[in-house]
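> Coordinates for the following, if possible.
(one chain, ligands or ions: 1)
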Amino acid sequence: MSLRAANPVWLGLDIGGTKIAVVLMDQELRPLSGEIFPTQTADADALVAGIETAVCAALTAAQVTAGQITAVGVGVPGLVNPATGEVHLAVNLNLQHYPLGTVLTERLNAPVYLENDVRMAALGAFQYVQQQKPVSNLAYLSIGTGVSAGLILDGQLYRGSHGMAGEIGHIIVDPAGEMCACGLRGCLETIIAGPAIARQWQAACADFDDEKEITAVSVYNAAQQGDPSAQTVIEHVSTTIARAIQWLVMAYDVEHIVFGGGVAKSGAAFLDPVLHALAKLSAGSPLAQTMLDAEKMMLLPSDYNAATWGSILLARKNHKPGLSTEI
Ligand SMILES: [Zn+2]
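Sure thing, here's the model as predicted:
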């Protein structure tokens, strides 16, 4: 019996704009090792070399060989074609029309399954929630540098016709608002994404020190410490997030909204004002109160990497067609 057949492992990769997370799991989905490396974005060769380095480190840490890898799941922040393994566009990785799936299949000598990172994270979030209670429909709302939702409908990942289902970051919220990178004006992303939150606070403070680096986390911290201008920004952001949640719930009748991404990492400082905004939005409507119940809103534990979990689950499912994403 070959080593792969005797002792197979699954490899999950979450390739972000700044870092690569790698996780190795055994057949029973017990984590064997996990590594985080910086992403090399100079060009495609540098990116692939960086991925290989991260994978080697994870293999060494788990004391397994490359030959034991059964299949690999890879989450990529951009537009990908899971059928061909091509990355059509990943701005943060400096990739355009690149056959990342084929290249990694050759380098790692194992089948590689690509998917957009937020959709991978939706699969990982689905698994997490399923471990608490049976669930069929959920939306994973990622709020970070960008804004996007991953949808699980009737227990399956829903991609839409072009893999764009859930790209609500580019729904127009304020037609007179700021220009968005996508070419539209006033997209959701221009208000609730991390950089947009930082920008709004900077604009609200006339005496701002330009040298000081402002992030969404610093705005949440300042709001919690009682800074009135930060509180005004967070209230506006949270009201807008509450509306986005209402679209998702009313469009798909999901049982849960699970929050992820860098902005949601602010934890209670992020969630409490969103719950407050949802309560305010629902105040006069029994329908909205039922649909937007606070129990439906979930934060993942900070140490749960939904995207790498999802990558492993997708690799496992695709490698054994018919296997559900449930453990
Ligand atoms: Zn846009």
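> would you say Lys280 is within a helix?
Yes - using DSSP: H, G, I helix; E, B strand; the rest coil, the assignment for Lys280 is a helix.
> got the residue ranges for the strands in the chain?
9-15, 19-26, 31-38, 69-76, 79-81, 86-90, 95-98, 112-116, 138-143, 147-153, 156-158, 256-260, 297-299 (DSSP state E).
> interface residues of this protein facing the ion?
Neighbours of the ion within the chain, by CB under 5 Å from the ion: His170, Cys180, Cys182, Leu184, Cys187. All C-beta spots, glycine's among them, are computed from the backbone N, C-alpha and C.
> just the helices in the stretch 101-250 of the chain please.
Taking DSSP state H, counting those that start in this stretch, the helices of the stretch 101-250 of the chain run over residues 117-132, 189-192, 194-204, 216-224, 228-252.
> Give me the helices and strands touching the fourth one, please.
Applying 3 or more CB pairs under 8 Å, 6 or more residues apart in numbering; DSSP states H and E, one finds that helix 216-224 makes contact with helix 194-204, helix 228-252, helix 268-282.
> Reformat the ones you listed as JSON lines; add distance to Gly12.
Formatted as JSON lines, the helices and strands packed on helix 216-224 follow (distance: least, CB to CB, whole Å):
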{"stretch": "helix 194-204", "distance to Gly12": "24"}
{"stretch": "helix 228-252", "distance to Gly12": "26"}
{"stretch": "helix 268-282", "distance to Gly12": "26"}
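> so can I have TSV of those helices showing mean pLDDT and mean neighbour count?
Formatted as TSV, those follow (pLDDT from 0 to 100; neighbours: other CB atoms under 10 Å):
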stretch	mean pLDDT	mean neighbour count
helix 194-204	94	19
helix 228-252	97	19
helix 268-282	97	18
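> The nearest residue to Asn92 once chain neighbours are set aside: how many residues sit nearby?
Leaving aside its chain neighbours, Asn92 sits nearest to Gly17 (3.3 Å; criterion: CB to CB, 6 or more residues apart in numbering). Neighbourhood size, Gly17 [other CB atoms under 10 Å]: 17.
> Same check on Gly75?
Counted with other CB under 10 Å, residues neighbouring Gly75 total 27.
> Contact partners for Pro175?
With contact set as CB atoms under 8 Å, 6 or more residues apart in numbering, Pro175 has these partners: Arg185, Gly186.
> ugh, wrong one, Leu278
Ala242, Ile245, Gln246, Leu292, Ala294, Met297.
> Roughly how far does the fifth one sit from Ile257?
What that stands for is Ala294. Computed with CB to CB, to the nearest Å, the distance linking Ala294 and Ile257 is 11 Å.
> and what of the second one?
Ile245 sits at a distance of 5 Å from Ile257 (criterion: CB to CB).
> tell me, what's touching these two both at once?
Contact with both Ile245 and Ile257 is made by residues Leu141, Met297, according to CB under 8 Å, 6+ apart.
> Which residue would you name as the spatial centre of the protein?
Geometric centre of the chain, nearest residue: Val118, 3.6 Å, by CA atoms, centre = their mean.
> picking up where we left off before, next, give me the two most distant ones among the contacts of Leu278.
Gln246 and Ala294 (13.5 Å; CB to CB).
> Most neighbours out of the residues of the chain next to the ion, which is it?
Counting neighbours by other CB under 10 Å, Cys187 comes out on top of those with 25 neighbours.
> is it true that it touches Ile168?
No - here Cys187 does not reach Ile168: they are 9.1 Å apart, not a contact under CB atoms under 8 Å.
> Quick one: residues contacting Pro8.
Asp26, Gln27, Gln68, Ile69, Thr70.
> Can you pull the phi/psi pair for it?
phi -80, psi 150 (degrees, to the nearest 10).
> follow-up on the earlier one: quick one: least confident of the residues of the chain next to the ion?
Ranked by pLDDT, the residues of the chain next to the ion bottom out at Cys182, which scores 88.
> Disregarding flanking residues, what is the spatial nearest neighbour of it?
Nearest non-adjacent residue to Cys182 (CB to CB, 6+ apart): His170, at 5.0 Å.
> tell me the contacts of the one you found?
His170 neighbours (CB under 8 Å, 6+ apart): Cys180, Cys182, Leu184, Cys187, Leu188, Glu189.
> residues near Ser218, how many?
Neighbours of Ser218 using other CB under 10 Å come to 17.
> correct me, but it touches Gly194?
No - assessed by CB under 8 Å, Ser218 is found out of contact with Gly194, at 10.5 Å.
> what ranges of the stretch 1-150 of the chain fall below the confidence cut-off?
For the stretch 1-150 of the chain, residues meeting the criterion pLDDT under 70 lie at 1-6.
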